[in-house]
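1. I would like to see how this sequence folds:
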Amino acid sequence: MRAKRISIYNMVVSVVLIAPLIVAVVVAFNPGEYMLFPPDGFSFVWFAAVLGNEAFMSSLLFSVQVALIVMVLGLAIGVPAAVALVRNRGTALTMTRFAVLGPLVVPEILLALGMLILFTSGLGIGGGLLPMVLGHTIIALPLSVQVLAAGLAQIDAALESAAWTLGASRTRAFLTVTLPQALPAILGSAVFTFIVSFDNINISLFLAKPGEVTLPIQMYEYLGFRADPTVAAMSAMLVGLGLIAFIIASRLGAVKHIDRVGGM
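-> Numbers count the residues shown, from 1 in each chain. Just a heads-up that it's a prediction; the model follows:
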């Protein structure tokens, strides 16, 4: 009986989460000039409008650029931090956990405001690519580290110790023994970090500058002046790309490490 209740609960939650995506995708095929559900026809005209919209394509490329840089930085910082979380004890563990997971307890809007003041008044560099990359890295790093730590926790540390006894240095043992086993977790972390950066709007809204805005901001501003299904078509394309990325990550074993984050 309890299992049945849990199944019903999971089904209800899934419907609530998936229903808005389905509505957005269906609306994208409406041939009319307004977003209607259910649509009064079927057409790809708004998908063509997205591909022909220079502002959308420019912001899409900028979002991808920012997200890729954040993904690389997240892994470069996240892997050592995850190793420290999994293998250290005492003060080192506490300090690492505080430094990495601290941004989770601070409201994102306050982080955005603080970074805006720091970059404009403190450092004098204003907004743009560099401040946005740093801001996105700060908010994506906690989730990235948790995914990496969940993967590293599943690896037997005795294998690396055995490599040490056979003459391998600590660095070589990590690179040749531990790192290959951690590749699925690294891939999961990379996907997670990319998505967090790509979808972010709070940090991006504060740190953007004219000519360098991310796709979520561009879509939001577009809806303020027009009500046609162009944004729905863009959303449908992003949903499709997200599904493809999820399937690839699942095939490579990365999703299971994301699932373990909740149990840490």
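2. Please make it C-alpha for all contacts and neighbour counts, starting now.
-> Fine.
3. Who are the contact partners of the closest residue in space to residue 44 that isn't next to it in sequence?
-> Spatial nearest neighbour of residue 44, chain neighbours left out: residue 29 (5.9 Å); criterion: C-alpha to C-alpha, 6 or more residues apart in numbering. Listed by C-alpha atoms under 8 Å, 6 or more residues apart in numbering, the contact set of residue 29 reads 39, 41, 42, 43, 44, 45, 46, 229, 233.
4. For those, which entry has the maximal number of neighbours?
-> In terms of neighbours by other C-alpha atoms under 10 Å, these top out with residue 229 at 28 neighbours.
5. quick check, nearest of the contacts of residue 29 to residue 125?
-> Taking C-alpha to C-alpha as the measure, residue 233 is the one of the contacts of residue 29 closest to residue 125, at 35.3 Å.
6. give me every residue that touches the closest one.
-> 24, 25, 27, 28, 29, 46, 47, 50.
7. And the third one, how close does it get to residue 188?
-> Distance of residue 27 to residue 188, computed by C-alpha to C-alpha, to the nearest Å: 31 Å.
8. Residue 21 now?
-> For residue 21 relative to residue 188 (C-alpha to C-alpha), the value is 23 Å.
9. Check residue 24 too.
-> Here the criterion is C-alpha to C-alpha. By it, residue 24 lies 26 Å from residue 188.
10. higher neighbour count, those two?
-> More neighbours surround residue 188 than the other of residue 24 and residue 188, with 27 against 21 (other C-alpha under 10 Å).
11. Next, the buried residues of the helix or strand harbouring that one.
-> Per DSSP states H and E, residue 188 falls inside helix 179-199. Neighbour-count burial for helix 179-199 flags 179, 181-198 (criterion: 16 or more other C-alpha atoms under 10 Å).
12. repeat for stretch 226-244
-> In stretch 226-244, residues buried by neighbour count (16+ other C-alpha under 10 Å) are 228, 229, 230, 231, 232, 233, 234, 235, 236, 237, 239.
13. Report the separation between residue 108 and residue 140.
-> Distance from residue 108 to residue 140, by C-alpha to C-alpha: 11 Å.
14. Looking at those two, which has the bigger crowd around it?
-> residue 140 (26 against 14).
15. if we can go back for a sec, CA atoms only for the helix holding residue 188, dumped as CSV, please.
-> Extracted C-alpha coordinates of helix 179-199, given in CSV (Å, rounded to 0.1, in the frame of the first residue of the first chain):
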residue,chain,number,x,y,z
LEU,A,179,40.4,9.2,-12.8
PRO,A,180,39.3,6.7,-15.4
GLN,A,181,36.8,5.2,-12.9
ALA,A,182,35.5,8.7,-12.2
LEU,A,183,34.8,9.6,-15.8
PRO,A,184,31.0,9.0,-15.6
ALA,A,185,30.8,11.3,-12.6
ILE,A,186,33.0,13.9,-14.4
LEU,A,187,30.7,13.7,-17.4
GLY,A,188,27.6,14.1,-15.1
SER,A,189,29.2,17.1,-13.4
ALA,A,190,30.0,18.7,-16.7
VAL,A,191,26.4,18.3,-18.0
PHE,A,192,25.0,19.6,-14.7
THR,A,193,27.4,22.6,-14.7
PHE,A,194,26.6,23.5,-18.3
ILE,A,195,22.9,23.4,-17.7
VAL,A,196,23.1,25.5,-14.5
SER,A,197,25.1,28.1,-16.3
PHE,A,198,23.0,28.1,-19.5
ASP,A,199,19.7,28.4,-17.7
